[in-house]
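**Q** Got a predicted model here, sequence first, then my questions.
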Amino acid sequence: MLSADKLVILDRDGVINHDSDNYIKSLNEWVPYPSSIKAIARLTRAGYFVAVATNQSGIARGYYDEKTLHAMHEQLITLVEAEGGHIAHIAYCPHGPDDKCQCRKPLPGMLQEIQHQVNLESLIGSWMVGDSLRDLQAGKAVGCKTALVRTGKGSKTEQKGAGLEKTMVFDDLAQFVDWLIE
């Protein structure tokens, strides 16, 4: 059985792949950080389960559809598996900020979905890695340890400073994985 301290939940845009203020709307615009793909594979090989929790309000806004999102996620899975890694589950919120859903970060709905998918009693002790305050807030709401990466919007989040108590800060996902494994 998986123990909570062996689960790492990642935000997608800005952590795994380049982010855009104009949204990632197509497979061509989804450009992973090569070091992140390798880092996810290293986590898997070191005995960690990796999941993804990603707000995708571009669907609600009509910028792209779920088929396009699934193509991006299939590409992510293919790249990670080619490096010898595995993604246990990808949870996404297709809602907009005004839809009053329970899944959109900073609410913890997607993390709870992951918890059920990987069959954990609790997420206390798991990791939530993100580049925005709402990623960290979602993780803290369910007892995750939190890590901020400076990629994506992470440097701006770090400069604001608020809400970063008990959060570790790393240059990127690869540096976090180096620290966690060693």
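**A** Nice, I can see it.

**Q** Give the pairing partners of the strand ranked longest in the chain; include direction for each.
**A** The strand of greatest length in the chain, counted in residues with DSSP state E as the criterion, is given as strand 49-55. As defined by DSSP bridges, the strand partners of strand 49-55 come to strand 7-10 (parallel), strand 89-93 (parallel).

**Q** Tell me which residues are up against it.
**A** 2, 6-13, 16, 40, 43-44, 73, 76, 80, 85-93, 104-105, 110-111, 114, 117-118, 128, 134-135, 138 (C-beta atoms under 8 Å, 6 or more residues apart in numbering). C-beta coordinates here come from the backbone N, C-alpha and C atoms, glycine included.

**Q** I'd like the mean pLDDT over that strand, please.
**A** Strand 49-55 carries an average pLDDT of 98.

**Q** so residue 97 touches residue 104, yeah?
**A** Yes: with contacts defined as C-beta atoms under 8 Å, residue 97 counts as touching residue 104 at a distance of 6.9 Å.

**Q** ok, which stretches of the chain are helices?
**A** Listed in chain order, the helices found in the chain under DSSP state H are 34-45, 66-82, 109-117, 133-141, 154-160, 173-181.

**Q** Tabulate these (a markdown table), appending distance to residue 21.
**A** Below are the helices of the chain laid out as a markdown table (distance: least, C-beta to C-beta, whole Å):
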| stretch | distance to residue 21 |
| --- | --- |
| helix 34-45 | 20 |
| helix 66-82 | 18 |
| helix 109-117 | 22 |
| helix 133-141 | 16 |
| helix 154-160 | 11 |
| helix 173-181 | 21 |
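
**Q** Need the winner for burial among the ones you listed.
**A** Using mean count of other C-beta atoms under 10 Å, the stretch among the helices of the chain with the largest mean neighbour count is helix 133-141, at a mean of 23.

**Q** Show residues contacting that helix.
**A** For helix 133-141, the surrounding residues in contact (C-beta under 8 Å, 6+ apart) are 9, 11, 53, 55, 105-108, 110-111, 126-130, 145-146, 148, 157, 160, 162-164, 167.

**Q** One more: stretch 78-91?
**A** Contacts made with stretch 78-91 from outside it, assessed by C-beta under 8 Å, 6+ apart, are listed as 7, 32, 37-38, 40-45, 49-54, 73, 76-77, 103, 110-111, 113-114, 117-118.
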